[in-house]
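Trainee: Would you be able to build a 3D model of this:
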Amino acid sequence: MFFRRALAQIQRHHPLSARLPCTTRPPRSTVELLKADTSYNTPLTLTQAVSLSSLTQNSLEAETGASIGVSKDGGILNVKWQEGPDARFHGVWLRHNCHCDQCRAPAGQRKKNVLDYPETATISDLHLHDDYVALSWYEEKGHVTRVPLQFLRQHCYSKEVLEKRDMDSRPKTYSQEGIPQISLKDVQNSQEGLLRWLEYISDYGMCLVKDIPTKPEQIAKTFQVVNEPDPINIAYSVSRLNLHMDLLNYESPPGLQLLHCLSFDSCVTGGGSHLLDVFHVAERFRESHPQEFRDLARIPATFQRIHFERENPVYMTFQRPHILLNHRDEIAAVFWTQQNEGPLAVAEEDVEAYYRAYRLFAAQIRFSDMLKCVKLEPGDAIVFNNRRVLHGREEFTLNGGRRHLEGCYVNIDEFKSHYRCLSHALGRPVGEPARRVGNQCWF
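Mentor: Below is the predicted model of the structure:
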């Protein structure tokens, strides 16, 4: 029941696809290509607030003016906002982001092939409207590019904006005792409560949901974590589980994992759940062992699941490094699951370096002071990001009792999308960056 309700709550909010309009009223001003030496020679000034009547309530709400100009060579559009850092947009970027009907479909998809655009884009004329800028090009006579001002503000790529966006997208660390909690009633009774739950998962990678009915309900794609006499997976035993991520033998491993406690008898000893934010551990490892950190980001490990003696035989192998870095040298993903790793298959000169770094990182994980421990009670559900948070379990003894968890997965990209759509629906700024969720995205 919990999974049906939870997934329905998340899936209720679909991406909003309102198209930004292009007005048909005459332009405020017209200017030929500005040929001055300075970036802002004789700029056009928008003297009134940009009209918000047909845009979302968050669209340029604070804007009362913007100065625009063109670089001497016509290759750059300069925008000086009344508030915030100045922006520079390359002609080729503007041409590729045209919002006219010939270039972009109502739902936002591009209609053009990249080869339909000119190789270079030099501004020959500029018209400024209430809520968009119209650009003509020397290389493409007859085409007028339309780009909404809101779009320019939202997708500015100046150094200052990129740095702030990067800071805002970094995962938070839950430094308090225990794990952030919320009741099922709060999640179900309001969109604000649902958003708070999703925000806990986005910010900290985990959340404990309390007061859930324990009556099991058969829905698609759940799995039962219960002791079996001849288990096909170590999770279906009473053994200790080392901290790990699930199913790294897949190209795209599961995103959120939900584990709902249906029964945990008082006579059962052990069996507590462990959670650890591995992004936090990896950053500490970079500081304490920079060379070994680089080795784990460079040398690929082998992740595998090979098991023929089961109802659905499986033979999967996947090779990649434990740590993925983006173009800014930031952690975009971590992959860690000792129990499902296969033989290392790398160049001879990398073998010893890998195992040294592997052992040191394993120690950093095992002895981390950020480990969260919780013994689930019937009616609890622990929800965590499998792409960021390692999970494990203490060994347990049943003593005649029963320990039964029901689990399922949610795609990490769907979660991130629904979280951002709900944030927008509740009045947060369009384009507000989400936290990095470990899905290998470089934002």
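Trainee: Now do the nearest residue to Trp137 once chain neighbours are set aside against Ser136, distance only.
Mentor: Spatial nearest neighbour of Trp137, chain neighbours left out: Ala121 (5.5 Å); criterion: CB to CB, 6 or more residues apart in numbering. Yep, even glycine has a C-beta here, placed from its N, CA and C like the rest. Distance, Ala121 to Ser136, by CB to CB, to the nearest Å: 10 Å.
Trainee: and those two? which has more neighbours close in?
Mentor: Legend: neighbour count by other CB atoms under 10 Å for Ala121 and Ser136, higher for Ala121 (22 against 17).
Trainee: which phi and psi does the more buried one have?
Mentor: As for Ala121, its main-chain torsions (degrees, to the nearest 10) stand at phi -140, psi 110.
Trainee: residues contacting it?
Mentor: Gly75, His90, Gly91, Val92, Leu94, Arg95, Trp137, Glu139, Glu140 (CB atoms under 8 Å, 6 or more residues apart in numbering).
Trainee: List the buried residues of the host helix or strand of Lys164.
Mentor: Counting by DSSP states H and E, the element that carries Lys164 is helix 159-169. Neighbour-count burial for helix 159-169 flags Val161, Ser169 (criterion: 16 or more other CB atoms under 10 Å).
Trainee: Could you do stretch 252-271 as well?
Mentor: 253-262, 264, 268, 271.
Trainee: what distance separates the start and the end of it?
Mentor: End-to-end distance of stretch 252-271: 29 Å, with CA to CA, to the nearest Å as the criterion.
Trainee: now do stretch 251-271
Mentor: Termini of stretch 251-271 sit 30 Å apart (CA to CA).
Trainee: and what of stretch 299-313?
Mentor: Start and end residues of stretch 299-313 are separated by 29 Å (CA to CA).
Trainee: Following the chain onward from the helix or strand harbouring Arg88, which element is next?
Mentor: Here Arg88 sits within strand 87-90, counting by DSSP H and E. Once the chain leaves strand 87-90, the next helix or strand it forms, by DSSP H and E, is helix 91-96.
Trainee: State the phi and psi torsions of the closest residue to Gln102 other than its chain neighbours.
Mentor: Among residues not flanking Gln102 along the chain, Lys111 sits closest, at 6.9 Å (CB to CB, 6+ apart). Main-chain torsions, Lys111, degrees, to the nearest 10: phi -90, psi -20.
Trainee: Report pLDDT for the closest residue to Val209 other than its chain neighbours.
Mentor: The shortest distance from Val209 to any residue other than its chain neighbours is 4.4 Å, reached at Ala381 (CB to CB, 6+ apart). Looking at Ala381, its pLDDT stands at 95.
Trainee: and Ala381, how many residues sit next to it?
Mentor: 23.
Trainee: What residues of stretch 75-90 count as buried?
Mentor: Using 16+ other CB under 10 Å as the burial criterion, the residues of stretch 75-90 that qualify are Ile76, Leu77, Asn78, Val79, Lys80, Trp81, Gly84, Ala87, Arg88, Phe89.
Trainee: Farthest pair within the residues you listed?
Mentor: Ile76 and Gly84 (18.0 Å; CB to CB).
Trainee: from memory Gly379 sits against Cys261, does it?
Mentor: Yes. Gly379 is in contact with Cys261 according to CB atoms under 8 Å; the separation is 6.8 Å.
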